[in-house]
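Visitor: sequence plus predicted model, see below.
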Amino acid sequence: MHVFPHVLIAEDEDLVAMAVGEFLESEGFRVTVTHNGLEAIEADTADPADILLTDMRMPVMGGEALIRIIRQRRPELPIVVTTGYSEHLPAEEPGRLTVLRKPYSLSVLAPTITALLSRWIEPVA
């Protein structure tokens, strides 16, 4: 049980990463920001996340490879994919993986994350 669910963000655009991270912190989430898939894997190994929020196109390691590796290690980890592109998108998986197209409204992000987490995290009594 987590009081503050841990969101791991993999986003190479600094302004987007900063804005999303600050917004999610203001919504009560604990946030770790990384700038590519390799950093995200290292961060998740050091401090496992409750949910992954990843861009698809990033340097070093993109979202497709990140999702594949994370799924091998942690198959049930909920994932939110954010992208401005329409090719090479993973299929949505109800309760496990959601795709948000950029630009998306931050007002949709917290409820999307909460809905995915509600399946895995017990409410605080």
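Guide: Yep, it's here.
Visitor: low pLDDT regions in the protein?
Guide: With pLDDT under 70 as the threshold, the chain has low-confidence stretches at 1-2, 86-88, 119-125.
Visitor: try 90
Guide: Judged against pLDDT under 90, the low-scoring parts of the chain cover residues 1-4, 83-96, 101-107, 110, 117-125.
Visitor: quick one: the strands in it?
Guide: 6-10, 30-34, 51-55, 79-83, 97-101 (DSSP state E).
Visitor: need those strands in a markdown table with mean neighbour count, can you?
Guide: In short, each C-beta sits where N, CA and C put it, glycine included. Compiled in a markdown table, the strands of the chain are given as follows (neighbours: other C-beta atoms under 10 Å):
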| stretch | mean neighbour count |
| --- | --- |
| strand 6-10 | 25 |
| strand 30-34 | 19 |
| strand 51-55 | 25 |
| strand 79-83 | 21 |
| strand 97-101 | 16 |
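Visitor: who wins for proximity to Arg73 among the ones you listed?
Guide: With C-beta to C-beta as the measure, strand 51-55 is the member of these nearest Arg73 (11.2 Å).
Visitor: tell me the strands beside that closest one, with direction?
Guide: For strand 51-55, the paired strands and their directions (DSSP bridges) are strand 6-10 (parallel), strand 79-83 (parallel).
Visitor: what comes into contact with that strand?
Guide: Defining contact as C-beta atoms under 8 Å, 6 or more residues apart in numbering, one finds that strand 51-55 is touched by 5-13, 16, 20, 37, 40, 44, 62-63, 66-67, 70, 77-83, 109, 113, 116-117.
Visitor: I'd like the strands of the chain written out as JSON lines, with distance to Ala91 added.
Guide: Shown next, in JSON lines, are these (distance: least, C-beta to C-beta, whole Å):
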{"stretch": "strand 6-10", "distance to Ala91": "19"}
{"stretch": "strand 30-34", "distance to Ala91": "24"}
{"stretch": "strand 51-55", "distance to Ala91": "15"}
{"stretch": "strand 79-83", "distance to Ala91": "10"}
{"stretch": "strand 97-101", "distance to Ala91": "8"}
